[in-house]
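# any chance you could fold what I've pasted below:
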Amino acid sequence: MTVGTPARIGGRPDNRLDYADQVMFLNQIATGQEAVCQLVWVYRRAVDLDAVKRFYRRFGQGIYGRLIERSPLPFGRHRWVRCHGPQAPLDIDPPRPPEALSDWADERAQMPIDPERGPGWRMAVLPMTDGSTAVTFVGSHCLGDGVGTFAAIADAVTGTTRDLGYPPPRSVSRARAAARDLRETARDLPLVARTLVTAGRLTWQRRRELLRPVPKPTVALPSDADEAITVPAASVYIDLAAWDARAEFLGGNAHSMMAGFAARLADRIGRRRAADGAVTLNIPISDRAGEQDTRANAVLLTNISIDPTVVTTDLGPARAAIREGLRAARETPDEMLQLLPLAPFIPKRAVRQGGNAVFGFVDDLPVSCSNLGDVDPTVTRIDGTPADFLMLRGVDRHVTRRFLETRPGLLTVVGGRIAPQMSITVVGYHPGAPNTKPWLREQIAAALADFDLSGVIH
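Got it, this is the predicted structure:
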């Protein structure tokens with residue numbers, strides 16, 4: 001079954017990247033850092049490998065059946081081009097003991113991924129020595145976000161094909177593409193002019209943030225500080241009924257419970273604002289408008305402040321803060337979003353230096369807290385039957401110790417309700433801490449214990 005068509009412009013499919021997607025791609029080019037989505041299905045048995053291979057062959061349609069083709073103009077809009085089906089071999093790795101699962105997932109997350117040249121996504125299978133099996137998917141965040149990835153997986157499980165109507169790569173000569181993009185840029189000039197006025201006003205308002213010098217590391221760095229490292233990551237599975245019961249007892253709900261856990265974990269590793277001890281949560285909210293929405297990253301972002309000292313006894317304030325944050329994100333979006341039409345004109349240096357002005361990395365020490373909600377059970381059935389565990393991971397690749405120390409630190413919490421479990425993955429680094437997987441697992445276990453909860457931690 002084939003469904004779905006993209007938006008159209010002038011009678012043809014509009015394959016231009018959304019401004020926000022182009023910003024993400026430009027940021028990857030400018031910084032060398034890459035964000036990827038990773039899922040790991042864990043079965044307590046051997047998988048139906050033939051079914052997994054069918055899933056693999058079906059995948060690569062819709063938002064993962066494409067790559068990015070740059071405009072020949074330095075200020076042009078980049079475009080999506082078709083790249084259907086598998087983009088890399090399905091790897092069947094040699095067996096490992098189950099305790100090596102986390103390291104294997106890290107290794108697979110570091111395999112080469114390129115949303116421009118391909119492959120934009122990869123899959124692999126790991127048989128384990130106790131008879132269990134893991135399967136992992138890793139895809140560039142420049143191609144899809146969490147909700148979009150779930151939809152693509154569900155389509156591959158059910159055999160649904162989504163043809164977005166994109167042209168094949170290099171289907172237009174560079175000369176014709178340059179002329180086309182020049183015409184479209186000319187049509188956009190009134191919008192660009194209005195955006196420049198807004199940019200001038202916001203630049204003046206945030207001049208102190210933009211002119212702030214780059215912070216120095218808080219600890220002495222080794223000689224290899226500019227080499228990429230793997231940031232510690234750990235996954236935990238909590239009984240969903242126990243999780244919900246605790247949220248209700250504390251006067252919260254699914255969203256505030258997730259936020260409270262993230263805030264308590266941040267508190268334990270020292271990721272709090274110096275001014276007031278609060279924790280800043282950066283929460284993405286899905287803005288995807290159904291099957292016709294072909295954006296790679298269809299989200300709104302809101303920042304909320306939570307007092308981590310009260311969440312274990314009362315989730316009411318966190319619930320209220322989230323409610324207000326969601327309302328504000330939808331009704332009064334961040335003014336910086338008005339600058340997105342300038343994305344094609346942004347120099348690399350500005351991209352590299354702009355992150356702190358937008359996210360307040362140095363002062364607010366934000367924690368990325370992504371709650372994916374109730375996951376469609378179809379997503380767990382890549383061999384036709386439900387996996388016993390499903391890891392949801394958001395991974396930053398090619399990150400250096402120098403970056404982590406000057407930012408400073410990193411904490412990403414991604415969770416989803418996958419009955420009968422609450423699945424949460426944490427990626428964390430804190431300057432001066434041991435920054436090992438055992439350390440991170442200890443912090444996760446302690447934060448759960450603060451809520452009188454426990455879980456299986458990998």
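# tell me where the protein has helices.
Counting by DSSP state H, the chain has helices at residues 19-31, 49-58, 101-109, 146-158, 174-205, 207-210, 240-249, 254-269, 316-331, 348-359, 361-364, 401-406, 437-450.
# most tightly packed of those helices?
A comparison of the helices of the chain by mean neighbour count, using mean count of other CB atoms under 10 Å, puts helix 254-269 on top with a mean of 25. The way it works is simple: take the backbone N, C-alpha and C, and place the C-beta from them, glycine included.
# of all the helices of the chain, which one is nearest Thr129?
helix 101-109 (11.1 Å; CB to CB).
# now the angle between helix 437-450 and that closest one, please.
Helix 101-109 runs at 120 degrees relative to helix 437-450, counting by axes from the mean of the first three to the mean of the last three CA atoms, to 10 degrees.
# quick one: mean pLDDT for helix 101-109?
Averaging pLDDT along helix 101-109 gives 97.
# next up, the contacts around the spatially most central residue of the chain.
Nearest to the geometric centre of the chain sits Gly394, at 4.9 Å (CA atoms, centre = their mean). Residues near Gly394 by CB atoms under 8 Å, 6 or more residues apart in numbering: Ala35, Val36, Cys37, Gln38, His141, Gly146, Ser368, Ser370, Thr412, Val414, Thr425, Val427.
# of those, grab the buried ones for PyMOL.
Remark: buried members of the contacts of Gly394, expressed as a PyMOL selection using 16 or more other CB atoms under 10 Å:
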select buried, resi 35+36+37+38+141+146+368+370+412+414+425+427
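# of the contacts of Gly394, closest to Gly85?
So of the contacts of Gly394, ranked by how close each gets to Gly85 (CB to CB), first place is Cys37, at 18.9 Å.
# that closest one and Cys142 touch, don't they?
No - counting by CB atoms under 8 Å, Cys37 stays clear of Cys142, with 10.2 Å between them.
# for the chain, which element, helix or strand, carries the lowest mean pLDDT?
Every helix and strand in the chain was compared by mean pLDDT, DSSP states H and E; the lowest is strand 2-3, with a mean of 38.
# count the neighbours of the nearest residue to Gly146 once chain neighbours are set aside for me.
Of all residues beyond its chain neighbours, the one nearest Gly146 is Leu372 (5.1 Å), with distances taken as CB to CB, 6 or more residues apart in numbering. Around Leu372 sit 20 other residues, with neighbours defined as other CB atoms under 10 Å.
# follow-up on the earlier one: can I get the contacts of Gly394 in a markdown table including pLDDT and distance to Leu240?
Shown next, in a markdown table, are these (pLDDT from 0 to 100; distance: CB to CB, whole Å):
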| residue | pLDDT | distance to Leu240 |
| --- | --- | --- |
| Ala35 | 94 | 28 |
| Val36 | 96 | 27 |
| Cys37 | 96 | 22 |
| Gln38 | 98 | 22 |
| His141 | 96 | 27 |
| Gly146 | 94 | 18 |
| Ser368 | 95 | 23 |
| Ser370 | 95 | 18 |
| Thr412 | 97 | 22 |
| Val414 | 97 | 16 |
| Thr425 | 97 | 16 |
| Val427 | 97 | 22 |
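# from the contacts of Gly394, which ones fall inside strands?
Mapping these onto strands (DSSP state E) picks out Ala35, Val36, Cys37, Gln38, Ser368, Ser370, Thr412, Val414, Thr425, Val427.
# quick one: pLDDT of Leu191?
Note on Leu191: pLDDT of 84.
# I misspoke; the intended subject was His255.
95.
# who is the residue nearest to the centre of the chain paired with across the strands?
Beta-bridge pairing of Gly394 under DSSP bridges involves Cys37.
# cool, and Arg66?
Arg82.
# surely it and Gln87 touch.
No - taking CB under 8 Å as the definition, Arg66 is not a contact partner of Gln87, at 10.2 Å.
# ok, those two, which is more surrounded?
Shown here are Arg66 and Gln87; by other CB under 10 Å, Arg66 has more neighbours (25 against 20).
# and the more buried one, what does it touch?
Counting by CB under 8 Å, 6+ apart, Arg66 touches Trp80, Val81, Arg82, Cys83, Gly120, Leu143, Leu164, Tyr166.
# and for the nearest residue to the fourth one once chain neighbours are set aside, the neighbour number?
Distance criterion CB to CB, 6+ apart; nearest residue to Cys83, sequence neighbours excluded, is Leu67 at 4.6 Å. A total of 23 residues lie near Leu67 under the criterion other CB under 10 Å.
# thought His78 was touching Leu67, still the case?
No - Leu67 lies out of contact with His78 (CB under 8 Å); the separation is 10.4 Å.
# where does pLDDT dip in the stretch 151-300 of the chain?
202-219 (pLDDT under 70).
# quick one, what contacts the closest residue to Leu196 other than its chain neighbours?
Leaving aside its sequence neighbours, Leu196 sits nearest to Leu342 (CB to CB, 6+ apart; 7.2 Å). Shown in contact with Leu342 (CB under 8 Å, 6+ apart): Val192, Thr195, Leu196, Ala199.
# what does Leu143 give?
Going by CB under 8 Å, 6+ apart, Leu143 touches Ile63, Tyr64, Arg66, Leu67, Pro115, Gly120, Trp121, Ala296.
# in a markdown table: the residues you listed, plus distance to Leu17.
Below are the contacts of Leu143 laid out as a markdown table (distance: CB to CB, whole Å):
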| residue | distance to Leu17 |
| --- | --- |
| Ile63 | 12 |
| Tyr64 | 15 |
| Arg66 | 10 |
| Leu67 | 11 |
| Pro115 | 10 |
| Gly120 | 14 |
| Trp121 | 17 |
| Ala296 | 8 |
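# of all these, which two lie farthest apart?
Farthest apart among these - using CB to CB - are Trp121 and Ala296, which lie 12.2 Å from each other.
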